[in-house]
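**Student:** got a structure for you, letters missing:
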């Protein structure tokens, strides 16, 4: 077993035989340049590690590969997804992972690496890392589905204008989710086509990653279609509610018409109007107005307008 150079020894988190796994949490510190100098990592890949928001991709630099993976997180309170970045350098006898800050993926895979000797292989370790990251896609989609079910009930029972903003935020999150799944699908597909001996013999594991990404992508498309339908239903429900309100207001205005006409008629300075000087004239006029109003109401009900 060769000795690890002192310049990169602090970043070694696990090793078995001649295989070593390095991890960097301070992407803007001296760790990446030191590892690049010792392991001959490409400077463009190192630059990508220091930039946030890089889409998932796989680049071939001859003696090593550089893989950018996107992690996904869903915030239920804000109804939005946000995406992280996890970078992997892969050589035939080493793996270098990079993440800005502590990584849950590394925390989960490291004990497995120490317990299972078979993970001391570049392809198997990369598969384990990708499996943890891609394995979080479906739980996030399950959370989105649960929230969509709750929204669906509100759309039918209590539609409101504010709900449209929530639906739009959910749709935007699914669009971003689909973008991430699409680029991850390309990465998994490129891993299946690699011809390096230390990767080609383990393509079955990368096919598993590819299948998981495809499954997530299918669910994203399904949920996006459902959400689009919910938006249409919400708009229809709001329009129907507005129509119901307008119908009620129109009926009230129509029922008030005889009251306005008769009271206006008797407000004119004519002495020839019936019951104008009768002691019970106001009572007779009120009775007539009520009778006409009730007659109109019965007519509306007979036509099933109300």
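**Tutor:** Structure's in. What do you need? All values reported here derive from a predicted model rather than from experimental measurement.

**Student:** what helix or strand is the closest residue to residue 5 other than its chain neighbours on?
**Tutor:** Distance criterion CB to CB, 6 or more residues apart in numbering; nearest residue to residue 5, sequence neighbours excluded, is residue 38 at 5.3 Å. In short, each C-beta sits where N, CA and C put it, glycine included. Here residue 38 sits within helix 31-39, counting by DSSP states H and E.

**Student:** next SSE after that helix?
**Tutor:** Past helix 31-39, the next helix or strand by DSSP H and E is helix 43-49.

**Student:** related to what we said a few turns ago, what does the helix holding residue 38 contact?
**Tutor:** Residues outside helix 31-39 that contact it (CB atoms under 8 Å, 6 or more residues apart in numbering): 5, 7-8, 10-11, 22, 24, 41-43, 46, 49-50, 64, 89, 91, 94, 96, 98.

**Student:** now it: buried residues?
**Tutor:** By neighbour count on 16 or more other CB atoms under 10 Å, the buried set for helix 31-39 is 31, 32, 34, 35, 36, 38, 39.

**Student:** ok, stretch 60-79 next?
**Tutor:** So for stretch 60-79, counting by 16+ other CB under 10 Å, buried means 64, 65, 66, 67, 68, 69, 70, 71, 72, 74, 79.

**Student:** same question for stretch 92-99.
**Tutor:** 94, 95, 96, 97, 98, 99.

**Student:** ok, now stretch 102-118?
**Tutor:** Result for stretch 102-118 [16+ other CB under 10 Å]: buried residues 103, 105, 106, 109, 110, 113.

**Student:** name the SS class of the third one, please.
**Tutor:** In other words, residue 106. helix (DSSP: H, G, I helix; E, B strand; the rest coil).

**Student:** what's the burial count for the closest residue to it other than its chain neighbours?
**Tutor:** Spatial nearest neighbour of residue 106, excluding adjacent residues (CB to CB, 6+ apart): residue 23 at 5.6 Å. Look at residue 23: counted by other CB atoms under 10 Å, it has 18 neighbours.

**Student:** contacting residues for residue 23?
**Tutor:** With CB under 8 Å, 6+ apart, residue 23 has these contacts: 11, 13, 96, 97, 98, 99, 103, 106.
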